[in-house]
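1. would you be able to build a 3D model of this:
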Amino acid sequence: MAGAFVLIAVLAACGQADGALSKAELIKRGNAICERVDNETAGFEEEAFADGDPDPAEMQTWVRKSSPFIGTALADLSELNPPKADKDEFNAILAEGNKALKAFQKAAASEEEAAKVQVDPFISFNAKAAAYGLDKCASDEEDEVPAQEPAPGAAIVDVVAKEYAFEVPATMKTGATALIMENAGGEEHSMVVAKLKPGASAQQAFIAEPGEGIESDLGTSSTAAPGGKAVLNADLTPGTFAMACFISAPDGQPHAVKGMVAEFKVE
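-> Numbers count the residues shown, from 1 in each chain. Presented below is the predicted three-dimensional model:
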C-alpha cells in the first residue's frame with residue numbers, strides 16, 4: 001500500500017482557471033509532486049511495516065502522520081489545470097480519488113476503523129491515473145510476497161488464471177486448504193482472497209467500495225509468471241469468499257478492474 005499515500009496527491013480542485021497546462025506538462029508536474037509526497041512519507045511507511053503488515057494501531061498512526069504532507073500536496077496540485085479536452089477524464093480521476101480518500105481517512109479515526117483497511121481503496125483510482133499517464137501517482141513497486149508450499153494435510157484446490165479471469169470451483173469444503181493457481185495466461189498473476197460479509201459481492205469489496213464488504217482477509221499468494229504456479233494456504237470457514245488479482249496490465253490497469261475477480265462458497 002506504499003503507493004496509496006502518493007495516489008491521493010492528484011486530487012486537484014475541479015474548478016478551472018485561464019492558462020490550462022498541456023497534457024505533457026500536467027503529467028510532468030503531477031508526477032513530480034507525487035514523487036515528492038512518496039519521499040516525504042516513506043519513513044512513516046517503514047515504521048508501519050517494520051514487523052510485517054501493520055496492526056490497526058500502526059495503520060492508524062501511519063495515516064495520521066502522512067495526512068499533513070498529503071494536504072500540502074493537494075494544495076499544490078489544486079493549482080494545476082488540465083487541458084480543456086481532458087477535463088472530463090481528469091475530473092473522473094479526481095472523483096475516484098476523492099472517494100478513495102474518504103474511505104482511507106477513516107483509518108485515522110480509530111483502531112477499529114484502521115482494522116477494516118484490508119484492500120487498497122485506491123484500486124480504481126490507480127487504474128484511471130495510470131491510463132492518463134500519471135504513473136508516479138498511480139503505481140509503486142510491488143511488495144514481494146514469499147512463495148508458499150501446500151500445507152501438510154491441506155485439501156488441494158486447483159485454480160486457473162488467465163487474462164483476465166479465474167477458473168475456480170464454485171464450492172469448496174471447510175478446513176485447511178491449499179489453493180494452487182496455475183497461470184495459463186501471458187501475463188503475471190496472483191491471488192488475493194478474502195471472506196465476504198453477508199450480502200456483499202466481490203465487485204463491491206474489491207472494486208466499487210474497496211474493503212467495505214470484507215469480513216476477513218485470507219492473504220495474498222506470490223506472483224506466478226506465465227506457465228508458473230502460486231500457492232495460497234487458507235483455513236476456510238462457511239461463507240462466501242472472493243478472489244482477485246491486482247497486478248497491473250500493460251496499460252496500467254489492475255487485472256481486477258478488467259474483471260479478474262471471482263466468488264466461491266465454502267460449505
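
2. is Ala242 located within a strand, as I assumed?
-> Yes. The assignment for Ala242 is a strand, going by DSSP: H, G, I helix; E, B strand; the rest coil.

3. number of nearby residues for it?
-> By other C-beta atoms under 10 Å, 25 other residues sit near Ala242. Where C-beta positions appear, they are placed from N, C-alpha and C, glycine not excepted.

4. isn't it right next to Lys197, touching?
-> No. Ala242 is beyond contact range of Lys197, at 10.5 Å (criterion: C-beta atoms under 8 Å).

5. give me the low-pLDDT residue ranges for the stretch 51-200 of the chain?
-> In the predicted model of the stretch 51-200 of the chain, residues 116-119, 124, 127, 138-144 satisfy pLDDT under 70.

6. can you give me the helices for it?
-> 56-77, 87-105, 111-114, 123-132, 135-138 (DSSP state H, counting those that start in this stretch).

7. with mean neighbour count and distance to Lys173 added, can I get these in TSV?
-> Formatted as TSV, the helices of the stretch 51-200 of the chain follow (neighbours: other C-beta atoms under 10 Å; distance: least, C-beta to C-beta, whole Å):
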stretch	mean neighbour count	distance to Lys173
helix 56-77	18	31
helix 87-105	18	34
helix 111-114	16	32
helix 123-132	24	30
helix 135-138	24	39
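
8. Ala176 is nearest to which of those helices?
-> Among the helices of the stretch 51-200 of the chain, the nearest to Ala176 by C-beta to C-beta is helix 56-77 (26.4 Å).

9. and the residue nearest to Leu179 when sequence neighbours are not counted, what element?
-> Once flanking residues are discounted, Leu179 sits nearest to Leu232: 4.6 Å by C-beta to C-beta, 6 or more residues apart in numbering. Using DSSP states H and E, Leu232 maps to strand 229-236.

10. the residue nearest to Leu179 contacts Asp217, correct?
-> No. Counting by C-beta under 8 Å, Leu232 stays clear of Asp217, with 11.5 Å between them.

11. picking up where we left off before, which one of the helices of the stretch 51-200 of the chain lies closest to Gln253?
-> helix 123-132 (4.2 Å).

12. okay, Glu25: pLDDT?
-> We have a pLDDT of 94 for Glu25.

13. and the gap between it and Glu149?
-> Distance of Glu25 to Glu149, given as C-beta to C-beta, to the nearest Å: 50 Å.

14. please apply the same query to Lys162.
-> Applying C-beta to C-beta, the value for Lys162 to Glu149 is 23 Å.

15. go on, Ser67?
-> For Ser67, the distance to Glu149 - C-beta to C-beta - is 41 Å.

16. okay, now Pro146: neighbour count?
-> Neighbour number of Pro146 under other C-beta under 10 Å is 6.

17. C-alpha coordinates for stretch 220-235, PDB please?
-> C-alpha atoms of stretch 220-235 as PDB (Å, rounded to 0.1, in the frame of the first residue of the first chain):
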ATOM      1  CA  THR A 220      -2.100 -12.900  -1.000                       C
ATOM      2  CA  SER A 221      -0.200 -15.500  -2.900                       C
ATOM      3  CA  SER A 222       3.200 -15.000  -4.500                       C
ATOM      4  CA  THR A 223       3.200 -13.900  -8.200                       C
ATOM      5  CA  ALA A 224       3.200 -16.600 -10.900                       C
ATOM      6  CA  ALA A 225       4.900 -16.000 -14.200                       C
ATOM      7  CA  PRO A 226       3.200 -17.400 -17.400                       C
ATOM      8  CA  GLY A 227       3.300 -21.100 -17.100                       C
ATOM      9  CA  GLY A 228       4.100 -21.000 -13.400                       C
ATOM     10  CA  LYS A 229       2.200 -21.700 -10.200                       C
ATOM     11  CA  ALA A 230       1.500 -20.000  -6.900                       C
ATOM     12  CA  VAL A 231       0.100 -21.300  -3.700                       C
ATOM     13  CA  LEU A 232      -2.100 -19.700  -1.000                       C
ATOM     14  CA  ASN A 233      -2.800 -21.700   2.200                       C
ATOM     15  CA  ALA A 234      -6.000 -20.800   3.900                       C
ATOM     16  CA  ASP A 235      -8.300 -22.100   6.700                       C
END
